[in-house]
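>>> With the sequence up front, the predicted model follows.
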Amino acid sequence: MRIGILTAGGDCPGLNAVIRSVVHRAVAGHNDEVIGFEDGFKGLLDGHYRPLDLNAVSGILARGGTILGSARLERARLREAAENAPDIARKFGIDVLIPIGGEGTLTASRMLADAGLPVVGVPKTIDNDISATDRTFGFDTAVGVATEAMDRLKTTAESHQRVMVVEVMGRHAGWIALESGMAAGAHAICLPERPFEVDALVKMIEERFAQGKRHAIVCVAEGAQPAAGSMEYTRGAIDQFGHERFVGIGNLLAGELERRLGKESKPVILGHVQRGGTPTAYDRVLATRFGWHAVEAAHRGDFGHMTALRGTDIVMAPLADAVSELKTVPRHRMDEAESVF
Ligand code: F6P
């Protein structure tokens, strides 16, 4: 069998672990050939690829990013890929394509699969917002980075009696904010799923300082929004990839809290540091298992599906289920975190 593999969308710790695992299982386990397309779907459309043998994936398990490169692609070009789906397999002589990506990539993969290209998807995203899988790799690493950042911010905040507003990634789903906020003991967690009340935040922080506490940490997802009328706020425009441009809620909220509290409030935007660097052991293992199962699924002819974690097992889920809706934080998970506003 000849397998094509690509990594698309925002990068994520663990991508290299999947690539390595696919190559190991395919080459050493099945005597397959593997080629890697460069820079996501761009490589597929422009014909940029390279062979991947055992040597090519040596030493990459713990490396962040992706050795194949990644890119977001405009929707028009993705439609172009779908229109050419049957030719793609012929052109590169591949029997299956294994795209590794988030919601956008899996939607494109589904289009390709529906158009006749044999596809086995592998979900990835630090946001953990893909339906049909309990977890995506990269999430554990991002939560770890954000938690450590808040642990560190705590000591400097209490030295100066400051409020720290820590903005973490998460456009529509607040999983990183929820879990890192809980792990770090943040005093408030603001999620995209539930507009937050600025008055409640101000009251909580005032009470803390009145009790003699010397700092407060507010963990806010980049996609969180204030409840209507609770502070000045305008939504951002949509970019060429169909994503909302954020207006910087961390900065806005820190400014608003400083004005209302009369206390120094510092915004800390964690940004891409959450996505860079070495994956945790958990993410390396999940990514490796996904890669192994993707190859097995390809050999079974289980196309139009993606690998998914259910409990502790890896199963194959229809791509259609994975992209039907985003997995957002449900109410009962918010209830468990007392500091969700
Ligand atoms: O989807 C993963 C993610 O890291 C989001 O959390 C974040 O909003 C986005 O990608 C950032 O994208 P980019 O790297 O294109 O700025």
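Received it, and whenever you're ready, just let me know what you need.

>>> Where does the prediction get shaky in the chain?
Within the chain, the segments meeting pLDDT under 70 span 237, 240-242, 244.

>>> Contact residues of it facing the ligand?
For the chain, the residues in contact with the ligand (Cβ under 6 Å from any ligand atom) are 10, 102, 125-127, 169-171, 222, 275. C-beta here means a position set from N, CA and C on the backbone, and glycine is covered the same way.

>>> Among these, find me the one that's closest to E74.
Nearest to E74 among the residues of the chain next to the ligand, counting by Cβ to Cβ, is G10 at 15.2 Å.

>>> That closest one reaches R275, doesn't it?
Yes: at 6.7 Å, G10 and R275 qualify as touching, with contact defined as Cβ atoms under 8 Å.

>>> quick one: common contacting residues for the two?
I126 (Cβ atoms under 8 Å, 6 or more residues apart in numbering).

>>> Doesn't N251 belong to a helix?
Yes: applying DSSP: H, G, I helix; E, B strand; the rest coil, one finds N251 inside a helix.

>>> Around H160, count how many other residues there are.
H160: 12 surrounding residues under other Cβ atoms under 10 Å.

>>> Remind me which helix or strand A177 belongs to.
When secondary structure is defined by DSSP states H and E, A177 falls within helix 175-184.

>>> A108 contacts R77, doesn't it?
No: using Cβ under 8 Å, A108 is not in contact with R77; the gap is 9.5 Å.

>>> what residues are shared contacts of those two?
Contacts common to A108 and R77, judged by Cβ under 8 Å, 6+ apart, are F41.

>>> Out of the residues of the chain next to the ligand, give me the two with the largest separation.
Greatest spacing in the residues of the chain next to the ligand, by Cβ to Cβ: G102 and E222 (15.3 Å).

>>> what residues are up against the closest residue to the ligand within the stretch 151-300 of the chain?
Going by Cβ to the nearest ligand atom, the ligand is nearest to M169 of the stretch 151-300 of the chain, at 3.2 Å. Listed by Cβ under 8 Å, 6+ apart, the contact set of M169 reads 126-127, 142, 176, 221-222, 270-271, 274-275.

>>> Select from these every entry located in helices.
Per DSSP state H, helices hold the following members of those: 142, 176.

>>> Which parts of the stretch 101-250 of the chain are helices?
Assigned by DSSP state H, counting those that start in this stretch, the helices in the stretch 101-250 of the chain fall at 103-114, 139-160, 175-184, 198-210, 249-261.

>>> how big is the angle separating the helix holding A177 from helix 139-160?
Per axes from the mean of the first three to the mean of the last three Cα atoms, to 10 degrees, the angle that helix 175-184 makes with helix 139-160 is 50 degrees.
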